[in-house]
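Undergrad: return atomic coordinates for the entry below.
(one chain, ligands or ions: 2)
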Amino acid sequence: MTCTMRLAYDAEAIALGAKLLRAGKLVAFPTETVYGLGANALDGQAVEGIFVAKGRPADNPLIVHVGSLGQVDALVDTIPPLAHRLMRAFWPGPLTLVLGRSHAVPCVVSGGLETVAVRMPDHPVALALLRAARVPVAAPSANVSGRPSPTTADHVLADLGGRIAAVVDGGHCPLGVESTVLDVTQCPPVILRPGGVTLEQLSEYTPLGTVTDQDHASLRRSPGQRYGHYSPRTPLVLVEGESRQEIAEEITKRITRCQRRGLRAGVLATQENAQRYGDIPILVLGSYSDSQIVSARLFGALRQVDEWGVDVVYCEALPEVGLGRAIMDRLRRAAAGRDGKGG
Ligand code: AMP
Ligand code: MG
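TA: Ligands and ions are numbered 1, 2, ... in the order given. So this is what the prediction gives:
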């Protein structure tokens, strides 16, 4: 059992965090997407510590974070011209590129794959820490495997307190969902995980492959997508429908059915529908038409519902465009149950 330090973000915290990383310790830090659990990516033993602390399956590869473009060369075999264009367009930012792995990257980082996932995060704390550490940092989301990803330092400490050296507290992560993972070793490239950079934004730069994450080929390429993830402890039911009215009617029916059986229900609702469910626990995710607010609140909400003490939580589906694709991907996984934890 380690005593985990909570470091308020300042120059001293960055210097200490960087020193800990260089010494092979685990340090969690905020990015624009979610909090990451960092270890020196070139230190195989330190990276193994990430898998132990999270309870993450060894075949679920990690994303390597860099603080400068110059750090990428040593991590990969080649950088195709398209990858260069995407880095210029979206870095620092929530786009992870899967490239051929160089021998400098320990096998454990990539879960045995011949590729490596790389990104430069767009957050002052993450960039300051990466630049001070002067090593690439492998950093999956800083949650216990299977739990919702952390968007505050409190979430990190709730899951990993006592298992890691430190967390740098940089407040709430602004985007709130993870990066888009794009495999650029394929032509055309393939989205392995929808995330903060949207399909619409990427399509402006390149035609995209049609493989979806339901396909076996894609699952082989991105093992993380195979595992359950993001689930609250309370059963979550995602209710989809043709319109937001239809969704509200369906949830209302289900709440009544629950109440007849003596069960308690709660709802993760849109602002537009929140008034329709009566006197039960409700958490407003945001407006139906504002996916940015919803993504920022999503993972916090998936943790908060466990405080309600209800038997079931119904969640309204959101439109699957733009950031809505990443939100719906996370909600489907959260609703799929708590088996086969992986992330
Ligand atoms: P996390 O950082 O916990 O949000 O998860 C990282 C995600 O990136 C998982 O879905 C992994 O499967 C994916 N990933 C990481 N490295 C690779 C890689 N080399 N090839 C394909 N997917 C990867
Ligand atoms: Mg994760």
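
Undergrad: tell me which parts of the stretch 101-250 of the chain are close to ligand 2?
TA: For the stretch 101-250 of the chain, the residues found near ligand 2 under the criterion CB under 5 Å from the ion are S141. (Glycine included, C-beta is placed from N, CA and C.)

Undergrad: which parts of this structure are helices?
TA: Remark: helices assigned in the chain by DSSP state H are 11-22, 44-54, 81-90, 124-133, 153-160, 199-203, 216-221, 244-260, 291-304, 324-335.

Undergrad: mean pLDDT for these: which is lowest?
TA: Of all these, the minimum mean pLDDT falls on helix 216-221 (a mean of 55).

Undergrad: residue at max distance from the center of this structure?
TA: R260 (37.3 Å; CA atoms, centre = their mean).

Undergrad: okay, the helices of the chain in TSV with distance to ligand 1 next?
TA: Shown next, in TSV, are the helices of the chain (distance: least, CB to the nearest ligand atom, whole Å):
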stretch	distance to ligand 1
helix 11-22	17
helix 44-54	8
helix 81-90	14
helix 124-133	13
helix 153-160	12
helix 199-203	16
helix 216-221	5
helix 244-260	28
helix 291-304	11
helix 324-335	10
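
Undergrad: re earlier: ok, the residue farthest from the centre of the chain - contacts?
TA: Going by CB atoms under 8 Å, 6 or more residues apart in numbering, R260 touches no other residue.

Undergrad: looking at the helices of the chain, which is closest to S145?
TA: Nearest of the helices of the chain to S145, taken as CB to CB: helix 44-54 at 5.1 Å.

Undergrad: buried residues of that closest one, list them for me.
TA: Residues of helix 44-54 classed as buried under the neighbour-count rule (16 or more other CB atoms under 10 Å) are 46-47, 49-51, 53-54.

Undergrad: of those residues, closest to G162?
TA: Nearest member of the buried residues of helix 44-54 to G162, counting by CB to CB, is A53, at 9.7 Å.

Undergrad: the closest one contacts A28, doesn't it?
TA: No. The pair A53 / A28 is not scored as a contact, 9.5 Å apart, by CB atoms under 8 Å.

Undergrad: shared neighbours, the two?
TA: 37, 160, 164.

Undergrad: for those residues, pick the one with the most neighbours.
TA: L37 (28 neighbours; other CB atoms under 10 Å).

Undergrad: wait, what's in contact with it?
TA: 26-28, 50, 53-54, 139-142, 156, 160, 164.

Undergrad: ok, it to L182 distance?
TA: 22 Å (CB to CB, to the nearest Å).

Undergrad: and the gap between the residue farthest from the centre of the chain and ligand 2?
TA: Distance of R260 to ligand 2, given as CB to the ion, to the nearest Å: 38 Å.

Undergrad: ok, G161 next?
TA: For G161 relative to ligand 2 (CB to the ion), the value is 18 Å.

Undergrad: neighbours of A265, just the number please.
TA: 23.

Undergrad: and it, what pLDDT?
TA: pLDDT recorded at A265 is 98.

Undergrad: hang on, it packs against G309?
TA: No. The pair A265 / G309 is not scored as a contact, 11.6 Å apart, by CB under 8 Å.

Undergrad: need the residues of the stretch 51-200 of the chain near ligand 1, please.
TA: For the stretch 51-200 of the chain, the residues in contact with ligand 1 (CB under 6 Å from any ligand atom) are 60-63, 98, 110, 113, 115-117, 140-141, 178, 181, 192-193.

Undergrad: out of the residues you listed, flag the one nearest to E246.
TA: R193 (28.7 Å).

Undergrad: give the contact list for A58.
TA: 51, 108, 111-112.

Undergrad: narrow the residues you listed to those that are buried.
TA: 51, 108, 111.

Undergrad: give me the nearest residue to the first one, chain neighbours excluded.
TA: Think F51. Nearest non-adjacent residue to F51, counting by CB to CB, 6 or more residues apart in numbering: A58, 5.8 Å away.

Undergrad: show the end-to-end separation of stretch 77-95, please.
TA: This stretch, stretch 77-95, spans 19 Å end to end (CA to CA, to the nearest Å).

Undergrad: buried sites along it?
TA: Buried, per 16+ other CB under 10 Å, within stretch 77-95: 79-80, 82-83, 86-87, 90-95.

Undergrad: and which of those residues is nearest to L69?
TA: The closest of the buried residues of stretch 77-95, once distances to L69 are taken by CB to CB, is M87, at 6.5 Å.
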